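Q: give me coordinates for this.
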Amino acid sequence: MPMKAPPPSRPAAFKRARLLIVGCGDVGLRVARQAPHWRRFALTSDAARAPALRAAGLTPIVGNLDAPATLRRLAALAPLVLHLAPPPSSGRDDPRTRALLQALSRSAVVQRLVYASTTGVYGDAAGARFDETRAVNPGNERAHRRVSAEQAVRRFGRHRTASLLRIPGIYGRDREGGHPRERLARGTPVLAADDDVYTNHIQADDLARVCMAALLHGRPQRVYHASDDTELKMGDYFDLAADLCGLPRPERVPRAAAAHRMSPLQLSFMSESRRLVNRRMKDELRVVLRYPTVRDGL
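A: Here you go, the predicted structure:
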């Protein structure tokens, strides 16, 4: 009896892992470079970006998180989703994340989602050192929007694996606006030592590696601090950067004077002080930081 011919093999593209990046800016492109053998899709609201995304090895999908009807194609694209898109710039809610999750829920293809949130959800911790079990305490509308997005992701995660990355200040030499030398060159002051706050940091390439690790190893409903090991107050950080760049150290001013010389956004970052424990990122996601401190990264 003649043997049956084996079934035709699936095209190589369908054997590769498939990843959808939502909000594919600087960090998203760095993540894409971490996975050169994956099939990578990128949602963009700007059709003019399509050639640049293709040149980076991604398949562009034109859609707008503010127009849910344009997101219908997303549900069947990839089992892995990295959500890097920010909320709207006003209000206490994040309808963009809700629209995305509603679109992704239309099929069972999506199996794992990682959402990039911020450490701003904690509000001011008065310099305390803490891990991911600390309750959120948003102190402004910007942080409330992130909490809203996190809550939506947790609901989505009842039926799929969803993990949250809480990310502090991102820096990187080739990242637009991501190196302290630009602020130093503008002469922006920092707070006097008695008024200063602890800040947290992550180098952009290290953050991309944390995103990849969360896509591969993130646990359901789990929060991870995507932060390095640095423990510095903000003024000391800029002093270090100035020394490394050969620039003058910034002027130190009391908080009362800062209110007249800084933007409301800058002041909001200077009103929150915290030190993040990142042990969960290292133990569960198996991340070994290439730049464990800002001295290494700068």
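Q: going by C-alpha atoms from here, please, whenever you check contacts or count neighbours.
A: Noted.
Q: so how far is Gly297 from Arg173?
A: Applying C-alpha to C-alpha, to the nearest Å, the value for Arg173 to Gly297 is 9 Å.
Q: for these two, indicate the residue with more neighbours.
A: The residue with more neighbours, out of Arg173 and Gly297, is Gly297; 18 against 14, by other C-alpha atoms under 10 Å.
Q: list the contacts for the more buried one?
A: For Gly297, the contacting residues are Gly172, Gln203, Tyr291, by C-alpha atoms under 8 Å, 6 or more residues apart in numbering.
Q: most surrounded residue in these?
A: Neighbour-wise, these (other C-alpha under 10 Å) top out at Gln203, 28 neighbours.
Q: OK, contacts around that one?
A: Contacts of Gln203 (C-alpha under 8 Å, 6+ apart): Ile170, Tyr171, Gly172, Asp228, Tyr291, Val294, Gly297.
Q: surely the second one touches Gly178?
A: Yes. Shown here, Tyr171 and Gly178 form a contact pair, counting by C-alpha atoms under 8 Å, at 4.3 Å.
Q: comparing the two, which shows the higher neighbour count?
A: Tyr171 (21 against 16).
Q: what sits opposite that one in the beta ladder?
A: Gln203 (DSSP bridges).
Q: can you check Arg40 too?
A: Bridge pairing for Arg40 - DSSP bridges - gives Leu19, Leu58.
Q: for the most centrally placed residue in the chain, give me the pLDDT.
A: Centroid-nearest residue in the chain, with C-alpha atoms, centre = their mean: Ala116, separated by 3.9 Å. For Ala116, the pLDDT comes out at 98.
Q: just list whatever residues bridge to it.
A: Beta-bridge partners, per DSSP bridges, of Ala116: Leu165.
Q: what's the spacing between it and Ala258?
A: 30 Å.
Q: go on, Trp38?
A: 48 Å.
Q: grab the nearest non-local neighbour of Lys282.
A: Nearest residue to Lys282, sequence neighbours excluded (C-alpha to C-alpha, 6 or more residues apart in numbering): Val288, at 6.5 Å.
Q: I'd assumed that neighbour was in a helix, is it?
A: No. Counting by DSSP: H, G, I helix; E, B strand; the rest coil, Val288 is not found in a helix; it is coil.
Q: can you tell me how far it is from Leu164?
A: 19 Å.
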